[in-house]
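[1] below are the sequence and a predicted model for it; my questions follow.
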Amino acid sequence: MNDRFPDDSAAEPLVQRAAEAADPSEEELAVDPAAMRAHYRAEGLTEDDLAAHPMDQFGHWFRQAAQAAVHGFVHEPNAMVVATADADGRPSSRTVLLKQYDEQGFVFYTNYDSRKARELAENPYVSLLFPWHPMARQVIVTGTARRTARDETAAYFRTRPHGSQLGAWASEQSSVIASRDELESSYAQLSARYPEGEQVPVPPNWGGFRVAPQAVEFWQGRENRLHDRLRYVAEPDGSWRVERLSP
Ligand SMILES: Cc1cc2nc3c(=O)[nH]c(=O)nc-3n(C[C@H](O)[C@H](O)[C@H](O)COP(=O)(O)O)c2cc1C
């Protein structure tokens, strides 16, 4: 067998190392990610564990992933793989950073002329995947994406470091460029025009997408590959049905 699931015995030293490295205080002990993993591996995820709303359940797992990141156990817990498809159904995927989540869904920021944004303009159906491998967890969302309001985009843009603000202007994301020099000279011109400390306007072709979930699956790795998969599915009346999927 050359495939490797989190519950393979090959994963054990990783869990052990994380537990040893954490050296938590008594207060931290309850949220030690290695202990959490041992706990979940023993007990798994049951229907009774789940919050009523998938975004609350996501918040619960996201906080645990963030805690795992504090211990260096998960890297960039807000990194997610966004899959889109064009009007003919041809798929593409890439990693982006989650920047906000609330009862309305999941928000990321990007260039509106990028491949992903062009595909979303043709076909708003989207899938997100959070790969929290060291925790033997993944969350998979399917739903539809729409652009965030301009004021929401502007509020977020102003929180970005100056260099990232200029980078958003400098990059014609997803287009073919002749050389790296082209990108760097565009950045240099922008830094001359907007030196550090000067407010950079929000690029008109840059902004957020909010993904409103239609289904959210919480996957927890278990021993012997008998993983738990619990999926919330939106009902027409706004409530959520939970179903268990075979691993
Ligand atoms: C960890 C990580 C985080 C990223 N975050 C973002 C992001 O938040 N927004 C973004 O537009 N691209 C982000 N990227 C770059 C994208 O993966 C991708 O290269 C870019 O958005 C162009 O994708 P597209 O041509 O498919 O539209 C990130 C890449 C990595 C590896």
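    Right, received. Where do you want to start?
[2] pull the CA atoms of the longest strand along the chain into CSV?
    Assignment by DSSP state E gives strand 206-220 as the longest strand of the chain. Output of strand 206-220 as CSV, limited to C-alpha atoms (Å, rounded to 0.1, in the frame of the first residue of the first chain):
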residue,chain,number,x,y,z
TRP,A,206,-10.0,43.6,-7.2
GLY,A,207,-12.4,42.5,-4.5
GLY,A,208,-14.1,39.7,-2.5
PHE,A,209,-16.3,36.8,-3.2
ARG,A,210,-18.7,35.4,-0.6
VAL,A,211,-19.5,31.7,-0.9
ALA,A,212,-23.0,31.0,0.4
PRO,A,213,-22.9,27.3,1.3
GLN,A,214,-25.5,24.8,0.0
ALA,A,215,-23.7,21.8,1.6
VAL,A,216,-20.9,21.6,4.1
GLU,A,217,-19.2,18.3,4.9
PHE,A,218,-17.1,17.7,8.0
TRP,A,219,-14.7,14.9,7.6
GLN,A,220,-12.9,13.3,10.5
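[3] are it and the ligand in contact anywhere?
    No: using Cβ under 6 Å from any ligand atom, strand 206-220 never reaches the ligand; the gap is at least 8.8 Å. In short, each C-beta sits where N, CA and C put it, glycine included.
[4] next structured bit after that strand?
    Later in the chain than strand 206-220, the nearest helix or strand by DSSP states H and E is strand 228-234.
[5] tell me which strands and helices that following strand is in contact with?
    strand 206-220, strand 240-244 (3 or more Cβ pairs under 8 Å, 6 or more residues apart in numbering; DSSP states H and E).
[6] give me the beta-bridge partners of the residue nearest the centre of the chain?
    Nearest to the mean C-alpha position of the chain, by Cα atoms, centre = their mean, lies M80 at 2.9 Å. Here M80 sits in beta bridges with V96, going by DSSP bridges.
[7] got the angle between the longest helix seen in the chain and strand 240-244?
    Using DSSP state H, we find that the single longest helix of the chain is helix 54-70. Here helix 54-70 runs at an angle of 60 degrees relative to strand 240-244 (axes from the mean of the first three to the mean of the last three Cα atoms, to 10 degrees).
[8] CA atoms only for helix 54-70, dumped as PDB, please.
    The C-alpha coordinates for helix 54-70 follow below in PDB (Å, rounded to 0.1, in the frame of the first residue of the first chain):
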ATOM      1  CA  PRO A  54     -22.900  24.500   9.700                       C
ATOM      2  CA  MET A  55     -21.200  27.900  10.100                       C
ATOM      3  CA  ASP A  56     -21.200  27.500  13.800                       C
ATOM      4  CA  GLN A  57     -19.700  24.000  13.400                       C
ATOM      5  CA  PHE A  58     -17.100  25.500  11.000                       C
ATOM      6  CA  GLY A  59     -16.300  28.100  13.600                       C
ATOM      7  CA  HIS A  60     -15.700  25.400  16.200                       C
ATOM      8  CA  TRP A  61     -13.300  23.400  13.900                       C
ATOM      9  CA  PHE A  62     -11.700  26.600  12.600                       C
ATOM     10  CA  ARG A  63     -10.800  27.700  16.100                       C
ATOM     11  CA  GLN A  64      -9.300  24.300  16.800                       C
ATOM     12  CA  ALA A  65      -7.300  24.500  13.600                       C
ATOM     13  CA  ALA A  66      -6.100  28.000  14.600                       C
ATOM     14  CA  GLN A  67      -5.000  26.600  17.900                       C
ATOM     15  CA  ALA A  68      -3.200  23.800  16.200                       C
ATOM     16  CA  ALA A  69      -1.400  26.500  14.100                       C
ATOM     17  CA  VAL A  70      -0.200  28.300  17.200                       C
END
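[9] right, I'll leave it there.
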